[in-house]
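Colleague: What shape does this take:
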Amino acid sequence: MPIPHTDVMPALDFDTLTTPHERDRPTADPLLPPVDELPASASEPEAVCRRVRDELMLDGNARLNLATFVTTWMEPQARELMAETAEKNLADRAEYPQITAMEERCVRMLARLWHAPRPAEVRGCSTTGSSEAAMLGGLALKRRWQDRRRAQGRDTARPNIVMGSNVQVCWKKFANYFEVEPRYVPMEPGRYHLTPDTLTAYCDDNTIGVVAVLGSTFDGSYEPVADICLALDGYQAATGTDIPVHVDGASGAMVAPFLDPGLMWDFQLERVASINTSGHKYGHVFPGLGWALWRDAEALPDDLVFEVDYLGGSSPSFTLNFSRPGAHVVAQYYSFLRYGFEGLRDLAARSRTTARALADRIAAIAPYELVTDGSELPAFAFRVAPGTEGLTVFDVSHAMRARGWHLPAYTFPAPCQDVSVLRVVVRTGFTAELAGMFVADLTEVTRRLHTDRLSPSLSYRGARLPTRRGRERSARRR
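Modeller: Numbers count the residues shown, from 1 in each chain. So this is what the prediction gives:
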């Protein structure tokens, strides 16, 4: 029987699936407007790539973004590993068992780092970030409370969760999305996070848990987790109500173990039921990775965990989404192996040293005064001294953006809404040279804004800004 003729596809020099024929290619337009609808035909990949890249040039430089806690620098080897595994779906555990194994190893590493009494019994998972991890932690608190109330024959209609008014917005989303009453302990002048002295006044039988933040996004400060647990011990002794604690360690849980070994905040405290952190913050992974850990199986009810068996093998799943890239887990595993405990401690120490040095320099620039000094998270807040006229933190933020820096300005929640601050976050990749240029620019911006205030006819915003090279020369002269 003759072999069937199979030469039915002509040999082409281009990919017929992605490359248009010559006659289909649109003519070049020297001025291309932004596109907000699907083009009618395909285009050359090089041309589209160039167009997208050109538009992205208008975005800010991530290395100069002092607002974000998110990682903006990784080693080339870590970038390569992420690129090589970008197409692998973490949800498909049967197909990619080694990435699954890496995730489990990272959970065990974190369990030991956070002093779990029995690391092998810790339950944990990776997430798309601390927002998802926090919501999973909150869901576990709510389900445990519901189970306990039902066992007692009591209603489960009005759960509440207690936290400081400084919590990140993910906790407000959790309360809204999952129908839990949020009880915010307000700030007070000079106290900008949750403390134990007023905490228990907001608790009752319907409290599913208390959220303690290890590293407030408002000012970089740690909440006193051990003292909060001690206050809840006293509350239980007086009322019989056992209220667990979830530690939101989005940033601090990857800083405190290395720089503050004597600080009690983790699973050493029996009342701490769960902890979350962001691998994409001080875990040194690009955006898209969080971690959630529970002390033991009791802290994470079994009915929240689903067995998924239609992707080729049965595996447990406790996430709010499903498909997501495995590349971030690979990068986290790389960073843990690459740096080890001493390396991660060194990276955190460098960031904190730079943050404290920056804070000291800024405190010496009139009219600024520090709210925090970078001695906890490598981040600090400062403000314009009360009584200063004609200059606001928002003016400073706007002027610094003109020089390429993203220096956020914001107001604290009520009743401290009269406090407006600027915040600096120091991350790996923010070098001493960048810090020096930042101080030089802040000094110059402040001087010019003062000049504007004293001489309104001299408009800073309309003036020609000095070049970066000129500012560097000025900084060296200083």
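Colleague: since we're on the residue lying closest to Met400 once chain neighbours are set aside, how many residues are nearby?
Modeller: Leaving aside its sequence neighbours, Met400 sits nearest to Leu407 (CB to CB, 6 or more residues apart in numbering; 4.5 Å). Any C-beta I mention is one placed from the backbone N, CA and C, and that applies to glycine too. Using other CB atoms under 10 Å, Leu407 has 24 neighbouring residues.
Colleague: Next: Glu179.
Modeller: 11.
Colleague: Just say helix, strand or coil for it.
Modeller: Classification of Glu179 by DSSP: H, G, I helix; E, B strand; the rest coil places it in coil.
Colleague: ok, now which ones touch the nearest residue to it once chain neighbours are set aside?
Modeller: Once flanking residues are discounted, Glu179 sits nearest to Pro159: 7.8 Å by CB to CB, 6+ apart. Contacts here follow CB atoms under 8 Å, 6 or more residues apart in numbering; on that basis Pro159 touches 142, 145-146, 179-181, 206-208.
Colleague: Just the buried residues of those.
Modeller: 142, 145, 180, 206-208 (16 or more other CB atoms under 10 Å).
Colleague: so of those, which ones are in helices?
Modeller: 142, 145 (DSSP state H).
Colleague: mind checking the backbone torsions on Arg423?
Modeller: When read as degrees, to the nearest 10, the backbone of Arg423 gives phi -130, psi 140.
Colleague: the helices in this structure, which residues?
Modeller: 45-56, 76-84, 97-113, 130-151, 169-177, 196-199, 225-239, 256-259, 327-363, 393-402, 432-454, 468-477.
Colleague: Pick out the shakiest of these, pLDDT-wise.
Modeller: Note on the helices of the chain: helix 468-477 shows the lowest mean pLDDT, a mean of 46.
Colleague: Pull up the gap between the nearest residue to Ala385 once chain neighbours are set aside and Glu389, please.
Modeller: Nearest non-adjacent residue to Ala385, counting by CB to CB, 6+ apart: Pro367, 4.5 Å away. Going from Pro367 to Glu389 by CB to CB, to the nearest Å gives 10 Å.
Colleague: What of Pro45?
Modeller: From Pro45 to Glu389 the distance is 56 Å (CB to CB).
Colleague: So those two - more neighbours on which side?
Modeller: Remark: of Pro45 and Glu389, Pro45 carries more neighbours, 11 against 8, as counted by other CB under 10 Å.
Colleague: So what pairs up with Met379 in the strands?
Modeller: One thing to correct before we go on: residue 379 is Ala, not Met. Val425 (DSSP bridges).
Colleague: so what's it up against?
Modeller: Ala379 neighbours (CB under 8 Å, 6+ apart): 69, 215, 219-220, 251, 355, 372, 423-426.
Colleague: if we take these, which one ends up nearest to Leu232?
Modeller: Proximity to Leu232 was ranked across these by CB to CB; first place goes to Gly215, at 20.5 Å.
Colleague: The closest one and Val255 touch, don't they?
Modeller: Yes - taking contacts as CB atoms under 8 Å, Gly215 lies within contact range of Val255: 6.9 Å.
Colleague: coming back round to it: neighbour-wise, which of the contacts of Ala379 leads?
Modeller: Result: Ser251 is most packed of those (other CB under 10 Å), 30 neighbours.
Colleague: for that one, what are its contacts?
Modeller: 69, 214-215, 217, 277-278, 281-282, 377, 379.
Colleague: What's the separation between the residue nearest to Glu179 and Ala175?
Modeller: 9 Å.
Colleague: quick one: common contacting residues for those two?
Modeller: Glu181.
Colleague: what sits against Leu66?
Modeller: Leu66 neighbours (CB under 8 Å, 6+ apart): 405-408, 423-426, 430, 438.
Colleague: now, which of these sits nearest Thr241?
Modeller: Of these, the one sitting nearest to Thr241 (CB to CB) turns out to be Arg423, at 36.5 Å.
Colleague: what about the closest residue to Pro196 other than its chain neighbours, neighbour count?
Modeller: Setting aside the residues directly before and after it, Pro196 is nearest to Ala231 in space (CB to CB, 6+ apart), at 3.6 Å. Applying other CB under 10 Å, we find 20 residues neighbouring Ala231.
Colleague: go on, the one 10 residues further on?
Modeller: For Thr241, the tally of surrounding residues (other CB under 10 Å) stands at 14.
Colleague: Hmm, Thr200 and it touching each other?
Modeller: No - counting by CB under 8 Å, Thr241 stays clear of Thr200, with 9.8 Å between them.
Colleague: still on that earlier bit, keep only those of the contacts of Ser251 that are in strands.
Modeller: 277-278, 379 (DSSP state E).
Colleague: Those residues into JSON lines, with extra columns for distance to Glu342 and pLDDT?
Modeller: Formatted as JSON lines, the ones in strands among the contacts of Ser251 follow (distance: CB to CB, whole Å; pLDDT from 0 to 100):
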{"residue": "Thr277", "distance to Glu342": "19", "pLDDT": "98"}
{"residue": "Ser278", "distance to Glu342": "22", "pLDDT": "97"}
{"residue": "Ala379", "distance to Glu342": "23", "pLDDT": "98"}
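Colleague: Identify, from those residues, the entry nearest to Arg108.
Modeller: Thr277 (14.6 Å).
Colleague: you'd agree the closest one is up against His246?
Modeller: No - counting by CB under 8 Å, Thr277 stays clear of His246, with 12.0 Å between them.
Colleague: what's the distance between the nearest residue to Glu75 once chain neighbours are set aside and Arg448?
Modeller: Closest residue to Glu75 apart from its sequence neighbours, by CB to CB, 6+ apart: Arg338 at 7.3 Å. Shown here: Arg338 relative to Arg448, a distance of 43 Å by CB to CB.
Colleague: Those two: who's more crowded?
Modeller: Arg448 (17 against 14).
Colleague: I'd guessed the more buried one sits against Ala399; true?
Modeller: Yes - the pair Arg448 / Ala399 is scored as a contact, 7.3 Å apart, by CB under 8 Å.
Colleague: distance of the residue nearest to Glu179 from Ile208?
Modeller: From Pro159 to Ile208 the distance is 5 Å (CB to CB).
Colleague: so what sits against both of those two?
Modeller: 142, 145, 180.
Colleague: Just list the residues touching the closest residue to Tyr235 other than its chain neighbours, thanks.
Modeller: Nearest-residue entry for Tyr235: Thr200, 4.6 Å, with adjacent residues in sequence omitted and distances by CB to CB, 6+ apart. Shown in contact with Thr200 (CB under 8 Å, 6+ apart): 231-232, 234-235.
Colleague: change it to 10 Å
Modeller: Residues near Thr200 by CB atoms under 10 Å, 6 or more residues apart in numbering: 162, 185, 207, 210, 228, 231-232, 234-236, 238-239, 241, 243.
Colleague: So which of these is the closest to Arg112?
Modeller: Relative to Arg112, the closest of those is Ile228; by CB to CB it sits at 23.6 Å.
Colleague: one step back: show me which of the contacts of Ser251 is closest to Glu342.
Modeller: Tyr282 (15.3 Å).
Colleague: circling back to that earlier point, tabulate the contacts of Ala379 in JSON lines, adding columns for distance to His115.
Modeller: Below are these laid out as JSON lines (distance: CB to CB, whole Å):
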{"residue": "Phe69", "distance to His115": "23"}
{"residue": "Gly215", "distance to His115": "18"}
{"residue": "Asp219", "distance to His115": "26"}
{"residue": "Gly220", "distance to His115": "23"}
{"residue": "Ser251", "distance to His115": "19"}
{"residue": "Ala355", "distance to His115": "26"}
{"residue": "Thr372", "distance to His115": "26"}
{"residue": "Arg423", "distance to His115": "30"}
{"residue": "Val424", "distance to His115": "30"}
{"residue": "Val425", "distance to His115": "27"}
{"residue": "Val426", "distance to His115": "26"}
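Colleague: That'll do, ta.
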